[in-house]
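Okay, predicted coordinates and the sequence, questions at the end:
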Amino acid sequence: MSKLSLREAAKLAGRGKTTIHAAIHDGRLTAERNASGGYEIDPAELNRVFPLKIDPDTGQFLDQRTFKDSKDSDEAERPSLSLALSRTATRTGRAGGALAAAEQELAEALREIERLKTEVERETRHARELAEKEIGHLRETLEVERAAKTELAAAHAAHLADLRRELDQMRALMPPPAPLPTAPASALDPAPSLTSPSRRWWPWRRG
């Protein structure tokens, strides 16, 4: 079977010429240009995209509608195609607007993230600087206190050493202690008993 024109392809496929042309334009249907600028479509290629009816007796493709039906169908499809294109354009416009809004929202979110990141880095750097200053101040204070305690301990040790030297000098200047006195022998006699009879000290008072 020879190649088909756009009109013949539309008749065989039972579709409008606009539908066939759209399929060619979209690349779904392969067609060649002839010398007059019209389309030449291979029936097998047309059957691949738009399954055709085949006469079981002859094996030929059957027209699914007359040319008049094809023309009427084309006229009927045009408003639907226009409506579909309008709806597509509307949806495309809405999608484009939604995409632009989403991109703007994303850009704002990225700017906010960068701002927060910068703020966090600044606060972290400030906190690190304060911590380093505080650590340095504490280290200096500790060194001063340690030096003061060391100096005080050395002063106490020197004072104790001076006291020991003075005490040793005083002991060296003191005379040796005198020996203890020896007790007399009478002191070793036992004391008179308190129970012995009393003696008369005045004999002239007798009588």
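Ah, there it is.

Is Ser36 part of a helix or strand, or is it coil?
Classification of Ser36 using DSSP: H, G, I helix; E, B strand; the rest coil returns coil.

Just want to check the distance between it and Lys53.
Distance, Ser36 to Lys53, by CB to CB, to the nearest Å: 29 Å. Yep, even glycine has a C-beta here, placed from its N, CA and C like the rest.

One more: Gly93?
The value you get for Gly93 to Lys53, if CB to CB is used, is 40 Å.

Look at the two and report which has more neighbours.
Remark: of Gly93 and Lys53, Lys53 carries more neighbours, 14 against 10, as counted by other CB atoms under 10 Å.

secondary structure class for the residue positioned nearest the centre of the chain?
Centroid check for the chain by CA atoms, centre = their mean gives Lys117 as the closest residue, at 10.6 Å. Classification of Lys117 using three-state DSSP returns helix.

what about it, distance to Gly14?
Going from Lys117 to Gly14 by CB to CB gives 63 Å.

Then Gly136?
Counting by CB to CB, the gap from Gly136 to Gly14 is 91 Å.

Strands of the protein, start to end?
In the chain, the segments counted as strands under DSSP state E are 32-33, 39-40, 53-54, 61-62.

Just tell me which of the ones you listed ends up closest to Arg171.
Checking these against Arg171 by CB to CB gives strand 32-33 as the closest, at 136.2 Å.

what's the closest one packed up against?
If you count contacts as 3 or more CB pairs under 8 Å, 6 or more residues apart in numbering; DSSP states H and E, strand 32-33 packs onto strand 39-40.
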